[in-house]
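S.K.: Build me a structure from this.
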Amino acid sequence: MNALSPQERAALAGRTAVVTGASRGIGYAAATLLGACGVHVIALARTVAGLEDLDDAIRTAGGPPATLVPIDVTDGPGIDRLGASIHERWGQLDLFVGNAGVLGPVSPLGHIKAKAWAEVMDVNLSANWRLLRTLDPVLRAAPAARVVFVTSGLAQEPRPFFGAYQISKVALEALAGTYALETATTPIEVRLFSPGPVRTALRARARPGEDPATVPAPADIAPDLVRLCI
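M.R.: Purely as a prediction, here's the structure:
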């Protein structure tokens, strides 16, 4: 098993983390593991029931209650208020896991409608820029903040018909690289996590004929993501 060591768990205890897309899939698994390590998770997702299930899972694992934020990451004004709210309640933010993402149409570029293209870019790229903008002050206030963005192997190896998704991930990696350079003189560290094949709803849409039992579950790869938060 790829479980975290006691030392790794201890290094995370007492920190505060924002995790997007936390109601299912990779975000849910990562948030659950972070919470089980003693991290106070500020969980963002659209689905209230999924967030409540996450809080139950964290409590069952012995972690502190999560702060649940039912929000669409494309809600610009709502996201803009997040940083100030964290500053008022906790003064700093130790971890930001930018996981929320959508696949978008699996289609030739010329067949993608403008609205569908905009949705992919809004969720996978612009929302993460907006989150960085609002969270930057509280990340800088932490002694050793970590920012982890979930990317994809498609950012490095383009394939036909996945254009909107893979282009958004290429741009996300550029966003991460730019922020890393801009915070190079601070204790903030910016990291990318490419999970590979994982049993998620997004992958089921991308590969409808695949047997899900042949790929790892989100909980199987969560320790690798969480290690990047240390």
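
S.K.: ok, Leu139 to Asp220 distance?
M.R.: Remark: distance between Leu139 and Asp220 (Cβ to Cβ, to the nearest Å) = 29 Å. All C-beta spots, glycine's among them, are computed from the backbone N, C-alpha and C.

S.K.: Among the two, which residue is more densely surrounded?
M.R.: Set side by side, Leu139 and Asp220 show more neighbours around Leu139, with 25 against 15, by other Cβ atoms under 10 Å.

S.K.: how near is the more buried one to Leu34?
M.R.: On the measure of Cβ to Cβ, Leu139 and Leu34 end up 16 Å apart.

S.K.: What segments of this protein are helices?
M.R.: Per DSSP state H, the chain carries helices over the ranges 6-12, 25-36, 48-60, 76-89, 114-121, 127-140, 163-182, 201-206, 218-227.

S.K.: Of all those helices, which one is nearest Val148?
M.R.: Across the helices of the chain, Val148 has its closest neighbour in helix 218-227 (6.6 Å, Cβ to Cβ).

S.K.: Report the buried residues of that closest one.
M.R.: Using 16 or more other Cβ atoms under 10 Å as the test for burial, helix 218-227 gives 218-219, 221-223, 225-227.

S.K.: and what of stretch 76-86?
M.R.: Of all the residues in stretch 76-86, those buried under the rule 16+ other Cβ under 10 Å are 78-79, 82-83, 86.

S.K.: Ala66: which of those residues is nearest?
M.R.: Once Cβ to Cβ is applied, the member of the buried residues of stretch 76-86 that ends up nearest Ala66 is Ile86, at 13.8 Å.
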